[in-house]
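Trainee: Sequence and computational prediction follow.
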Amino acid sequence: GAGVSQSPSNKVTEKGKDVELRCDPISGHTALYWYRQRLGQGLEFLIYFQGNSAPDKSGLPSDRFSAERTGESVSTLTIQRTQQEDSAVYLCASSPRSASEAFFGQGTRLTVV
Amino acid sequence: ILNVEQSPQSLHVQEGDSTNFTCSFPSSNFYALHWYRWETAKSPEALFVMTLNGDEKKKGRISATLNTKEGYSYLYIKGSQPEDSATYLCAFASGSARQLTFGSGTQLTVLP
């Protein structure tokens, strides 16, 4: 596809369950970002991948959150033992190189009940 | 933690008015400053990527300026139209941490 693709678009899960969110970046984009937007708040940085460098995990809110990316391909964001405060829209973005224009996916709306 | 502030938080203007918003960011270790437009039910889309002090960029009725020494950028919209209604986000990248840190945005509503 031409753009950044995220799946699923919506996810409802029970508190305590694990969830996995997927992001397919634009082909050839070396940089990939995960953000989340909780209700009424701004975009909160979670994690940043740049090529084969060690990811910047400084925004992950707890050790229940982890993310992987193999090379310059798909990334998955995993949330273990979900809590209600994890409910948010999770946005993925990719860019051709670090700090260049970011292209966003449509997001995954996660609801923890 | 990088502090990126935007003001005002929200703004209502009449169609045809011109308006501007502010983004402030750390003045040290600057690498890039981005502006994005985020419409309801859509994804954020880039307006400008600015890297040089004194940069001025323009796209149609929207323009932006950059002052890296004092750590601020302005976004201007001339002759606002209802379709300009959106949240406008700025994002800062430092020289050491190239990840984009976003401000909380300015929500613009243009009344017909």
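Mentor: Arrived safely.

Trainee: hmm, who's touching the one helix or strand A:Thr78 maps to?
Mentor: Using DSSP states H and E, A:Thr78 maps to strand A:75-79. For strand A:75-79, contacts defined as Cβ atoms under 8 Å, 6 or more residues apart in numbering or on different chains pick out A:18-23, A:25, A:32, A:34, A:46-47, A:49, A:64-69, A:86, A:90, A:92, A:110. The way it works is simple: take the backbone N, C-alpha and C, and place the C-beta from them, glycine included.

Trainee: and what of stretch A:91-98?
Mentor: Taking Cβ under 8 Å, 6+ apart as the rule, stretch A:91-98 contacts A:4, A:6, A:21, A:23, A:25-26, A:28-37, A:43, A:50, A:75, A:77, A:101-105, A:107, B:43-44, B:93, B:98, B:100.

Trainee: could I get that stretch in PDB with only the CA atoms?
Mentor: What follows is stretch A:91-98, C-alpha atoms only, in PDB (Å, rounded to 0.1, in the frame of the first residue of the first chain):
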ATOM      1  CA  LEU A  91      -0.900   6.000  16.300                       C
ATOM      2  CA  CYS A  92       2.100   4.800  14.200                       C
ATOM      3  CA  ALA A  93       4.100   7.000  11.900                       C
ATOM      4  CA  SER A  94       7.000   6.400   9.600                       C
ATOM      5  CA  SER A  95       9.400   8.800   7.900                       C
ATOM      6  CA  PRO A  96      12.100   8.400   5.200                       C
ATOM      7  CA  ARG A  97      14.900   9.300   7.700                       C
ATOM      8  CA  SER A  98      15.100  10.600  11.200                       C
END
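
Trainee: rewinding a little: can you go through the contacts of strand A:75-79 and name the buried ones?
Mentor: A:19, A:21, A:23, A:25, A:32, A:34, A:46-47, A:49, A:65, A:67, A:69, A:86, A:90, A:92, A:110 (16 or more other Cβ atoms under 10 Å in any protein chain shown).

Trainee: when you check these against the strands, which ones overlap?
Mentor: A:19, A:21, A:23, A:32, A:34, A:46-47, A:49, A:65, A:67, A:69, A:90, A:92, A:110 (DSSP state E).

Trainee: pLDDT value on the residue found closest to A:Ser100 once you drop the neighbours it is linked to in the chain, please?
Mentor: What sits nearest to A:Ser100 in space, not counting adjacent residues and going by Cβ to Cβ, 6 or more residues apart in numbering or on different chains, is B:Val49, at 6.5 Å. In this prediction, B:Val49 carries a pLDDT score of 96.

Trainee: so what's B:Val49 bridging to?
Mentor: Beta-bridge partners for B:Val49, by DSSP bridges, are B:His34.

Trainee: Is any residue of stretch B:81-94 near chain A?
Mentor: Yes: Stretch B:81-94 lies within reach of chain A by Cβ under 8 Å from any Cβ of the partner chain, at B:Leu89, B:Ala91, B:Ala93.

Trainee: and those residues as CSV, adding pLDDT?
Mentor: Shown next, in CSV, are the residues of stretch B:81-94 next to chain A (pLDDT from 0 to 100):
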residue, pLDDT
B:Leu89, 97
B:Ala91, 96
B:Ala93, 93
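
Trainee: Most neighbours among these, please name it.
Mentor: Neighbour tally across those (other Cβ atoms under 10 Å in any protein chain shown): the maximum, 27 neighbours, falls on B:Ala91.
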